[in-house]
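>>> Task: produce atomic coordinates for the following.
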Amino acid sequence: MLLTRRSEDATPSAEKEKAYNKEIISVHLHFFITFANKLSIMITFHRISSIADNYFNTMAMLYKSAFPPEQRRSMGELEQEIMTSERFHSCALLAKNEFVGFFNYWQFDTFYFVEHFAINTELRGKKLGSQTLKLFIDSIDFPVLIEVDMPTTAIAARRIKFYEKEGFHIVSNDYAQPPYRPLELMLPMLLMTNNEQFVSKHFDYLKETVYKEVYHYETSINQRST
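Residues are numbered from 1 along each chain as shown. Predicted coordinates for the structure are as follows:
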């Protein structure tokens, strides 16, 4: 009878253990499904070709809040580039048809220049920026240039680390961002690229192209062109 009692006592314990294990498995399964769903969010690039585009105003608000005045165009100049420049691409970043950020870049014959790139504040830290950059690089055949602030603040240092994790390197040549507006000063910055050899070999050409086409800045006369 003693053995029978032990066997009977053990049965509920075993059942409880099985139920507990099922609960643990259920929790883990829920976690992995949730995690997989997050990973399945795909970014799409929607080119804004008109200020009448549904995403223009949302992009413009983030554009103004993400960058200080000396590092961005006026709204009038941005609208002009969108409407008239074939090389300039202003793209709303969409995830499940929801606006999550924007990606503005220039397409040249031998390289791409990323002028501005930002993810919605509340969505940062969810790998959307990394996914965006990887999608962009995988879709093109030429090197990419990006401007970054000097690492004088924690935010600037983190931004450089972000690009380094994505395979970018700091260009050793001195560089300064031309002013977006007349009478403003040159802004010392760094260039980063995913192809150091190409940039090192063609730096002067790349710099002149960015100055002239992106900033409309003529280095020969040291002023913005009109």
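>>> Neighbours of residue 158, how many?
Under the neighbour criterion other C-beta atoms under 10 Å, residue 158 is assigned a count of 10. All C-beta spots, glycine's among them, are computed from the backbone N, C-alpha and C.
>>> And it, how close does it get to residue 42?
Noted for residue 158: a distance of 25 Å to residue 42, by C-beta to C-beta, to the nearest Å.
>>> what do you get for residue 116?
As for residue 116, its distance to residue 42 is 22 Å (criterion: C-beta to C-beta).
>>> do the same with residue 63
23 Å.
>>> out of those two, which sits in the more crowded spot?
A direct count of neighbours by other C-beta under 10 Å for residue 63 and residue 42 places residue 63 higher, at 19 against 10.
>>> In terms of pLDDT, where does the more buried one sit?
pLDDT for residue 63: 98.
>>> how about it, what does it touch?
Residues near residue 63 by C-beta atoms under 8 Å, 6 or more residues apart in numbering: 72, 78, 102, 104, 116, 118.
>>> Can you name the residues that contact the fifth one?
Contacts here follow C-beta under 8 Å, 6+ apart; on that basis residue 116 touches 63, 66-67, 72, 102-104.
>>> By average pLDDT, which secondary structure element in this protein comes out worst?
Lowest by mean pLDDT, DSSP states H and E among the helices and strands of the chain is helix 2-39, with a mean of 42.
>>> Leaving out the residues flanking it, which one is nearest to the residue sitting nearest the centre point of the chain?
Compute the mean C-alpha point of the chain, and by C-alpha atoms, centre = their mean the closest residue is residue 129, 3.9 Å away. Distances taken as C-beta to C-beta, 6 or more residues apart in numbering place residue 119 nearest to residue 129, at 5.0 Å, with adjacent residues excluded.
>>> Repeat that for residue 45.
Per C-beta to C-beta, 6+ apart, closest to residue 45 is residue 91, 4.4 Å.
>>> I'd assumed residue 102 was in contact with the one you found.
Yes - counting by C-beta atoms under 8 Å, residue 91 touches residue 102, with 6.3 Å between them.
>>> coming back round to it: buried ones only from the contacts of residue 116, please, as a PyMOL command.
Burial among the contacts of residue 116 is assessed by 16 or more other C-beta atoms under 10 Å; the matching PyMOL selection reads:
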select buried, resi 63+66+72+102+103+104
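>>> Take the contacts of residue 116 and keep only those in helices.
Mapping these onto helices (DSSP state H) picks out 63, 66.
>>> Looking at the contacts of residue 116, which is nearest residue 49?
Residue 49 has its nearest neighbour among the contacts of residue 116 in residue 104, at 12.8 Å by C-beta to C-beta.
>>> Tell me the confidence at the closest one?
According to the prediction, residue 104 has pLDDT 98.
>>> Contact partners for it?
Going by C-beta under 8 Å, 6+ apart, residue 104 touches 63, 88-91, 114-117.
>>> Over to residue 137?
Going by C-beta under 8 Å, 6+ apart, residue 137 touches 144, 166-167, 194.
>>> Would you mind listing which of the residues you listed are buried?
144, 166, 194.
>>> Give me the subset of these lying in strands.
Taking DSSP state E, the ones among the buried ones among the contacts of residue 137 that sit in strands are residue 144.
>>> Which of the buried ones among the contacts of residue 137 sits closest to residue 213?
Looking at the buried ones among the contacts of residue 137 and their distance to residue 213, the nearest is residue 144, at 15.5 Å (C-beta to C-beta).
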